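K.L.:
my questions are about this predicted structure, shown below with the sequence.
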Amino acid sequence: MMIFPVLFLIVFMMHFRNASDFFHFRLHYVPRDPAEVVTALVRAQNHWPMVQDPHILGYLALPFLLLSGYGLYRVSRGQRPRLSAVAMFVTAAGTIYLGGVFGMWTAFYRGLGQVNPRYLDGAIATFRGMTEPQGAFLLTTTLAKLAMIGLAAQSLVLWGLPNVKRSAIVLIVLGCTLFLVFWDLDNWMLIGMMLMAGGFVGLLPVLNPSK
């Protein structure tokens, strides 16, 4: 259950070039200039291993998000089976769409690294069009948020159950809320993931009562 938050913490830390970048807090996402992004990627020509791309690590970590959701389901299914099942379904559906988001960005970045520099202007125009917050791109990104909505809902289903710490539930819900409100802002999402990890730790005794 802890593998998902640990891997996602690494994903967000990989976005910072240095420690000071973490302290640049913003209240809304401002996308980087497409010309700057595309020019850097085309010039780099993929001269780094794919594993160094944080989107790849996030993509590969998604099965563990499902396992975390299943862990929450195990805690609540005995006393609230229907609510638990519905909330688990929302988490699973959101995880599928979140995979689409990570897959898109991985394909964009690695694909641009193969573009001939002579086609730079066309690549910039294409990238700008593909990442505009509308159409299929907006749909996939919006549906991906169901993963965090589902985790928050699964946590709230646990409220009032025996041996479940309310502080753990609050941490998970707060973490999911930060993730959703500050979507694409890596420092805020890093804090949100730390809160979620703390909440998961608080639930481990319930998942492993014999330990």
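P.N.:
Nice, I can see it.

K.L.:
which pLDDT value belongs to the residue sitting furthest away from the middle of the chain?
P.N.:
What lies farthest from the middle of the chain is residue 118; by C-alpha atoms, centre = their mean that is 34.7 Å. Per-residue pLDDT puts residue 118 at 90.

K.L.:
what do you get for the one 3 residues further on?
P.N.:
Residue-level confidence at residue 121 comes out at 91, pLDDT.

K.L.:
any idea how far residue 31 is from residue 184?
P.N.:
8 Å (C-beta to C-beta, to the nearest Å). The C-beta positions use only the backbone N, C-alpha and C, and glycine is treated the same way.

K.L.:
and residue 84, by the same measure?
P.N.:
37 Å.

K.L.:
looking at those two, which is more packed in?
P.N.:
residue 84 (21 against 11; other C-beta atoms under 10 Å).

K.L.:
which residues touch residue 185?
P.N.:
Residue 185 sits next to 25-26, 28-29 when contact means C-beta atoms under 8 Å, 6 or more residues apart in numbering.

K.L.:
if we use 7 Å, what do you get?
P.N.:
Residues counted as contacts of residue 185 (C-beta atoms under 7 Å, 6 or more residues apart in numbering) are 26, 29.

K.L.:
go through whichever strand or helix holds residue 169 and flag the buried ones.
P.N.:
Here residue 169, judged by DSSP states H and E, is contained in helix 166-181. Judged by neighbour count (16 or more other C-beta atoms under 10 Å), helix 166-181 contains these buried residues: 168-176, 178-179.

K.L.:
try stretch 105-123
P.N.:
Buried, per 16+ other C-beta under 10 Å, within stretch 105-123: 105-106, 108-109, 112-113, 115, 120, 123.

K.L.:
go on, stretch 95-103?
P.N.:
So, applying 16+ other C-beta under 10 Å, buried residues of stretch 95-103: 95, 97-103.

K.L.:
would you mind giving the residues you listed as JSON lines with pLDDT, distance to residue 21 and secondary structure added?
P.N.:
Shown next, in JSON lines, are the buried residues of stretch 95-103 (pLDDT from 0 to 100; distance: C-beta to C-beta, whole Å; DSSP: H, G, I helix; E, B strand; the rest coil):
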{"residue": "95", "pLDDT": "96", "distance to residue 21": "28", "secondary structure": "helix"}
{"residue": "97", "pLDDT": "95", "distance to residue 21": "28", "secondary structure": "helix"}
{"residue": "98", "pLDDT": "95", "distance to residue 21": "24", "secondary structure": "helix"}
{"residue": "99", "pLDDT": "94", "distance to residue 21": "26", "secondary structure": "helix"}
{"residue": "100", "pLDDT": "92", "distance to residue 21": "27", "secondary structure": "helix"}
{"residue": "101", "pLDDT": "92", "distance to residue 21": "22", "secondary structure": "helix"}
{"residue": "102", "pLDDT": "91", "distance to residue 21": "21", "secondary structure": "helix"}
{"residue": "103", "pLDDT": "90", "distance to residue 21": "25", "secondary structure": "helix"}
